[in-house]
Structure formats: C-alpha cells, structure tokens
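# got a sequence here, can you model it:
(chains A and B, ligands or ions: 2)
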Amino acid sequence: MSPLLETKAVWQRFGGLVANSDVSIAVEPGEIVGLIGPNGAGKSTLFNLIAGVRPPTQGSIIFNGEDVTRLPAAERCRRGIARTFQVVKSFETMSVIDNVIVGALVRTTVMREARRKAHEVLEFCGLDARAEVPASDLIPSEKRRLEVARALATEPKLLLLDEVLTGLTAKEAEKGVELVRRVRTAGVTVLMVEHVMEIVMPLVDRAIVLDLGKVLVEGKPADIVRDPKVISAYLGDRHAVGA
Amino acid sequence: MDNSFAQRRRRDLILAAVLTCLAALAPVFIKDVYVQNILILTLMYAALSQAWNILGGYCGQISLGHALYFGLGAYTTALLFTKFGVLPWFGMLTGGLISALIALALGYPTFRLKGHYFVIATIVIAEIAYLLFLNWDWAGAALGIDIPVRSDSWATFQFTRSKLPYFYFALALCCAVWLVTFWLENSKWGFWWRAVKDNPEAAESLGVVVFNSKMGAAAVSAFFTAVGGAFYAQFVSYIDPESVMSFHFSLLMALPAVLGGIGTLWGPVLGAAILIPVTELTRSFIGGSGRGVDLIVYGSLIVLIALARPEGVLGLFSRRRKGGAR
Ligand SMILES: Nc1ncnc2c1ncn2[C@@H]1O[C@H](COP(=O)(O)OP(=O)(O)OP(=O)(O)O)[C@@H](O)[C@H]1O
Ligand SMILES: [Mg+2]
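Numbers count the residues shown, from 1 in each chain, chains lettered A, B, ... in the order given. Ligands and ions are numbered 1, 2, ... in the order given. As a prediction, this is how the structure comes out:
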C-alpha cells in the first residue's frame, strides 16, 4: 500500500533558524502515528507545512499520491487534510454549532445538510449539549474538543492533532484518547503531536521522534521509549528508570 | 432537530414583516414634510449601513471609504441621465455593477493588508476618488451636476409634489438589503465571512478561501451602497463631490451598524433609527448647517457605546446570547 502522506526531504528555515531539516516521514492509511520531541523540536512547524500554512523552504509533500507542496491550506483541506491548532483558534463570536458548520461546508453548500452533519460530529465528540453556546464560553478542554469536531466536520482522510490531550485532567485525557480511537475506527488516519508519554504511547501504532528539526528515530512505541538516543534527547532519566 | 435555530429565523422574518407594514403605514399619519424627509433619510441610511455591515460587520473588513461607492452610484446615474438620457433605473443598476467591479479591483491589493492598514487604505482611496471627481470637468467638477427635473414620473424617478414615492423606494431598498443579508447570513458565504472575521488562519484550515470571501463581501456591499447613492442623487436632484463622496458619508454608513450592533442582522436598522433622527433633530434645534454638530453627536454616541456596550445597542436586548449571530 502506498502511504497516505509522505514528506520528502522537507526543510523549513526561519531566517537563520532551521526548524525542520531534511524531514522525511510517511504515514500509512489507517495508522495512528505519534510525532514527539522536546519543545522547539519543530513538530508544529512540520504540521504547518503538511497543512499548507506555508510552503516548505525545500522538499515536497505528497498526499494521497499527489504532490500538494504548493497548494494553499484551503485546497489541502478539500483534498482531505484537517488539523487542530496547538493554541486553539475557535471562532469566538460564533456558537459551537456554527464553528462546526464552517468545517462541514467544505463538503456541501446545502445549509440543512451542513447543520445536520455538524450536529452529528458534535455528538460524536460529546459536545452536542453545548451546541448553542458561544465558543467563547467553553472551558479549555471543550475548546480542544471543538477543534477536533470542526476538523472532523471537513470529512478528512488525515487528521493532524497538535497537542489536543495536553493540559487536560487525567479523566478528560482518557476521554480524549477514546475519541482518537473512535476517529481511527471511523476510517480517519491520525498524525498526532503529544507530550504526555504515558498517554500517547499506548495509543499510537508508531512514533516518530523529532529533535532539533531532524527525525531522530522512528518505530514501535515500546522500542522508542527504550532507545538511548530518545532517552537522552527527550525523555530524560525520569523515564529511563520507568521504562 | 434544530428547532431553536428555525424558530429564531422565523421570528426575524415576522418581526421584519411587521416593521415593514408599520413603516409603510407611517405616511398616513405623518404628513409633515420635514418629518417625512427624516424618515426617508433614516431608511436610506439603514439600507446603506446594512450594506456596509456585510463587509465591515460580517466579514470584519472595516471600510471607512464607502463614500466612494455611494458617490459612484450617484454619479453614474446622474451622468447617464443628463448626458445620454438613460433612465435612472438603468443608471442605478449600472452604478451598482461598476461599484462592485471597482470594489473587486481595489480588494485585490487592499485585502492583503491587515487591520488598521486596511482601514487607512479605504479612507485614502475614497479621498483620491473624491479629488478626481472634484477635478473632472466632464463630470461637472466642483460645480457638480444639476439633474433637470421634468415632471413627476416613476420612469424618470422624479417627484416634486410629494416625497412619498421616495419614501416607499427607500423602504423597499431597506427591505431588499435586509432580506439579502438575512439570506446570506445562513449561507456558505455568511459562515465563511464570520469565520474570516474571527480567525482567518483557522478558517483557511477548514477550507475557507479567505481572499475570495472578502472579495465576495466587498462586491455585494459595494453594489447596494451604489444603489443607495443612485437613489440619493434622484432624491436631492443635485450632486457634487462634497455632497456624495465626502468622508462624512463613509462615517454615516459605518456608524449605524457600529451603534446598533456590528455584524448583526438588526444592528444597522436599529442604529439608523436612533442615529439619523437624533442628528437631524439636533441640527435643526441648534440651527446652522455646519457639519460640526453631527460630528459631535456621532462622537458622543460612539464613546457612550464603546464604554457601555461595545456589542451595540442590540446587546441590551440579547444579553443572554452574547456573541450570538444576531
Ligand atoms: N513563524 C515562525 N517564525 C520564526 N520562527 C519560528 C516560527 N515558527 C516556529 N519557529 C521556531 O521554530 C522552532 C520550532 O518550533 P515549533 O513550534 O515547530 O516547535 P514544537 O516542536 O512544536 O515545540 P512545542 O513542543 O513547544 O510546541 C522554534 O525554535 C520556534 O521558535
Ligand atoms: Mg508545537
């Protein structure tokens, strides 16, 4: 099977700073892949390149067999790439349901259909009770859910989740994990950035470790947590002992 | 499934129908020409502000240069009529289309500007157009255009004996722009506009083509503003750059929406219903024709609103639904 997403030797420079250097990763259809790495490793930068916020300085991005390197973000969404933002970007003056309708309108312009779809997605994400509330009234964990709901409403093939489980209570995180599993069951491939190892490692099929903008290692979660390179770069002694 | 939403839409439509009927009956009781005049202006500014609100309110692109489109509508109609004998109805449509095209041409560079820079660009562009018309001899330059009044007729849209036809046209225009807004609000465009206003980056990630959204809003907004300008030219039957293209008009289109509730369905109507009578009455009480008085009134109202209720007067009625769509 050919990969759903492939980045080929992707570079991103910000002036003198190299945020992504020679990053080549692949995500197979149906996978949940974890993208991990210390602060400033370039994870969000890579997400932005995949989602089309800006074209990479160098390299190419292949999605679903097509070169999307030069396509704008909206066009990539149409092709099936959806994302959440690490710093949530809700449409604050709009109600929760209206936020999600914006996403649903990529697939239909019939309002009744978009509204129905939006309710369905909110229900899936456990937010339907809050549908009529202004997005600005949501608590942080609900806002994270709204980000996911909005992205799902675009009916993506690939969902990019940037730290959606970070900063949640144990119970909320548990629900989040369960949501990600159901998303995959619904047929959506997931690439997720996450910090909390204990949560993310049991969830993902495969993990890719980014450090200083480069791919350090990738492999099965169990191998990753034991890899000395990863331990020294990211996990630290705390985890070396635990693993 | 979504009854509250459908109910809200129905309630808006019923309220609009009732208000329209009441307004249509008003001239039966109000015979005073001076008051009728104020009513006509109020309706006209309600329509203009509703048009402004599409770009400035829903899409969040604050324009303080809409006098340009107002003036283009007025000039197109007046020039076509006086130079080529084209009936004002065609002039109105032509002016609307020309304005929409110019809005697209101007949007191409200016929609890349952010926030305050965009606002300043709209002011500067309208000011340049004002200066061009001031020096354009064929279009009457500073002297303007006197539209020759022949006889009362719907064909030439000229009425000297009674102001009522103007009143009903202004009411119809107001209803038309309201209905277009009502329809757009629950369409892909309406949702795209609000998304663009709230967070363009998130909007783009959800498939919203931000640039096209702004262009669409600008074209619709400019079209109706120009129709309003064409109406005004017929109503006053004399135009010059100062009386249809000055910055004053740009303010008068933005303020009712800001006062009533920016980016809401009812804000512009409510704002115009307060602002226009208040300024007109103040002007006649204090006397003189200086623009200074209007400015003092606008200024005070805006400061009051900014301090007490930034979401507009409408916020007084729907505190519960703060942040809602209307
Ligand atoms: N738009 C930008 N302009 C300049 N520098 C940037 C920009 N975006 C990111 N950077 C820099 O690139 C580097 C990688 O940032 P990035 O946000 O991708 O890290 P991250 O792995 O997501 O980190 P975190 O775990 O803190 O979210 C950082 O040094 C950051 O300061
Ligand atoms: Mg990040």
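# going forward, measure contacts and count neighbours with C-alpha atoms only.
Noted.
# so in chain B, where's the weakest helix or strand by average pLDDT?
Least confident element among the helices and strands of chain B, by mean pLDDT, DSSP states H and E: helix B:292-308 (a mean of 75).
# just give me how far that one sits from the chain centre.
Helix B:292-308 sits 19 Å away from the centroid of its parent chain (C-alpha atoms, centre = their mean, to the nearest Å).
# which parts of chain A are helices?
A:43-51, A:73-79, A:96-104, A:111-124, A:140-153, A:170-185, A:197-203, A:221-226, A:228-230, A:236-242 (DSSP state H).
# kindly report the same for chain B.
Counting by DSSP H, the helices of chain B are B:3-29, B:33-53, B:67-84, B:88-110, B:115-134, B:164-185, B:188-198, B:200-205, B:210-236, B:241-245, B:247-260, B:267-286, B:292-308.
# tabulate those (a markdown table), appending mean neighbour count and distance to residue A:75.
Below are these laid out as a markdown table (neighbours: other C-alpha atoms under 10 Å in any protein chain shown; distance: least, C-alpha to C-alpha, whole Å):
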| stretch | mean neighbour count | distance to residue A:75 |
| --- | --- | --- |
| helix B:3-29 | 12 | 30 |
| helix B:33-53 | 25 | 28 |
| helix B:67-84 | 26 | 33 |
| helix B:88-110 | 21 | 20 |
| helix B:115-134 | 17 | 25 |
| helix B:164-185 | 19 | 23 |
| helix B:188-198 | 25 | 15 |
| helix B:200-205 | 24 | 9 |
| helix B:210-236 | 25 | 11 |
| helix B:241-245 | 23 | 40 |
| helix B:247-260 | 25 | 34 |
| helix B:267-286 | 19 | 34 |
| helix B:292-308 | 15 | 39 |
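# of those helices, which is nearest residue A:2?
Closest of the helices of chain B to residue A:2 is helix B:200-205, at 25.1 Å (criterion: C-alpha to C-alpha).
# is chain A within reach of that closest one?
Yes - shown here: helix B:200-205 in contact with chain A (C-alpha under 8 Å from any C-alpha of the partner chain) through B:202, B:203, B:204, B:205.
# packing partners of that helix?
Counting contacts by 3 or more C-alpha pairs under 8 Å, 6 or more residues apart in numbering or on different chains; DSSP states H and E, helix B:200-205 is packed against helix A:73-79, helix B:188-198, helix B:210-236.
# columns mean pLDDT and distance to residue B:89 on top of these, output as a markdown table?
As requested, the helices and strands packed on helix B:200-205 are exported to a markdown table (pLDDT from 0 to 100; distance: least, C-alpha to C-alpha, whole Å):
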| stretch | mean pLDDT | distance to residue B:89 |
| --- | --- | --- |
| helix A:73-79 | 96 | 40 |
| helix B:188-198 | 96 | 28 |
| helix B:210-236 | 96 | 9 |
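# just so I know, which of those lies nearest residue B:313?
Per C-alpha to C-alpha, nearest to residue B:313 of the helices and strands packed on helix B:200-205: helix B:188-198, 20.1 Å.
# so what's whichever residue of chain B sits closest to chain A closest to, chain neighbours aside?
Going by C-alpha to the nearest C-alpha, chain A is nearest to residue B:207 of chain B, at 3.8 Å. Sequence neighbours aside, residue A:74 is the residue nearest to residue B:207 in space, at 3.8 Å (criterion: C-alpha to C-alpha, 6 or more residues apart in numbering or on different chains).
# from residue B:166, how far off is that neighbour?
Using C-alpha to C-alpha, to the nearest Å, we find residue A:74 at a distance of 45 Å from residue B:166.
# near chain B, anything from stretch A:125-144?
Yes - using C-alpha under 8 Å from any C-alpha, stretch A:125-144 comes into contact with chain B via A:134, A:136.
# for chain B, which spans come out with low pLDDT?
B:1-2, B:287-292, B:309-310, B:317-326 (pLDDT under 70).
# nearest the geometric middle of it, what residue?
residue B:48 (1.4 Å; C-alpha atoms, centre = their mean).
# which parts of chain A belong to which domain?
A:5-80+A:156-242, A:90-155 (automatic domain parsing).
# residues touching residue B:30, list them.
residue B:36 (C-alpha atoms under 8 Å, 6 or more residues apart in numbering or on different chains).
# deepest in the core, which of the helices of chain A is it.
helix A:96-104 (a mean of 29; mean count of other C-alpha atoms under 10 Å in any protein chain shown).
# got the angle for it vs helix A:111-124?
Put simply, helix A:96-104 runs at 110 degrees to helix A:111-124, going by axes from the mean of the first three to the mean of the last three C-alpha atoms, to 10 degrees.
# so how far is helix A:96-104 off the chain centroid?
19 Å.
# just stretch B:28-44 next, same as before
Offset of stretch B:28-44 from its chain centre (C-alpha atoms, centre = their mean): 18 Å.
# where among the domains of chain A is average confidence lowest?
Among those, domain A:5-80+A:156-242 carries the lowest mean pLDDT, at a mean of 90.
# what's the nearest residue to residue B:47 if we skip its chain neighbours?
residue B:174 (4.3 Å).
# quick one: closest of the domains of chain A to residue B:229.
Short answer: domain A:90-155, nearest of the domains of chain A by C-alpha to C-alpha, at 31.9 Å.
# and the end-to-end length of the closest one?
End-to-end for domain A:90-155, by C-alpha to C-alpha: 18 Å.
# stretch B:51-68 now?
This stretch, stretch B:51-68, spans 14 Å end to end (C-alpha to C-alpha).
# likewise for stretch A:60-76?
14 Å.
# pull the distance from it to the chain's centre.
That offset, for stretch A:60-76, works out to 16 Å (C-alpha atoms, centre = their mean).
# check stretch B:149-158 too.
Centroid separation between stretch B:149-158 and its chain, computed with C-alpha atoms, centre = their mean, is 24 Å.
# show me what counts as buried in that stretch.
Applying a neighbour-count criterion of 16 or more other C-alpha atoms under 10 Å in any protein chain shown, the buried positions in stretch B:149-158 are B:156, B:157, B:158.
# just to revisit the earlier point, contact partners for the residue nearest to residue B:47?
Here residue B:174 is in contact with B:43, B:44, B:46, B:47 (C-alpha under 8 Å, 6+ apart).
# now swap in residue A:208 and tell me
A:33, A:34, A:35, A:36, A:215, A:216, A:217, A:218, A:219.
# hmm, 6 Å instead?
By C-alpha atoms under 6 Å, 6 or more residues apart in numbering or on different chains, residue A:208 lies in contact with A:35, A:218.
# likewise for residue B:87?
B:81, B:156.
# one step back: and of the residues of helix B:200-205 next to chain A, the nearest to residue A:50?
residue B:205 (11.1 Å).
# skip the chain neighbours and tell me the closest residue to residue B:217.
Going by C-alpha to C-alpha, 6+ apart, residue B:217 has residue B:55 as its nearest residue, at 5.0 Å.
# let me redo that: residue A:94
Per C-alpha to C-alpha, 6+ apart, closest to residue A:94 is residue A:134, 5.6 Å.
# likewise for residue A:196?
Using C-alpha to C-alpha, 6+ apart and skipping residues adjacent in sequence, the residue nearest residue A:196 is residue A:166, 7.0 Å away.
# what residue in the stretch 151-300 of chain B comes nearest to ligand 1?
residue B:201 (12.9 Å; C-alpha to the nearest ligand atom).
# and that residue, how far is that from residue A:45?
In terms of C-alpha to C-alpha, residue B:201 sits 15 Å off from residue A:45.
# same question for residue A:11.
Note on residue A:11: its distance to residue A:45, by C-alpha to C-alpha, is 10 Å.
# and what of residue A:97?
29 Å.
# repeat that for residue B:200.
Using C-alpha to C-alpha, we find residue B:200 at a distance of 18 Å from residue A:45.
# same deal with residue A:89?
16 Å.
# please apply the same query to residue A:95.
Residue A:95 is 29 Å from residue A:45, by C-alpha to C-alpha.
# for residue A:202, same thing?
25 Å.
# show me what contacts residue 216?
No chain was given, so I picked chain A. So residue A:216 contacts A:209, A:210 (C-alpha under 6 Å, 6+ apart).
# before we move on, what about residue A:96?
Counting by C-alpha under 6 Å, 6+ apart, residue A:96 makes contact with A:131, A:133, A:134, A:135.
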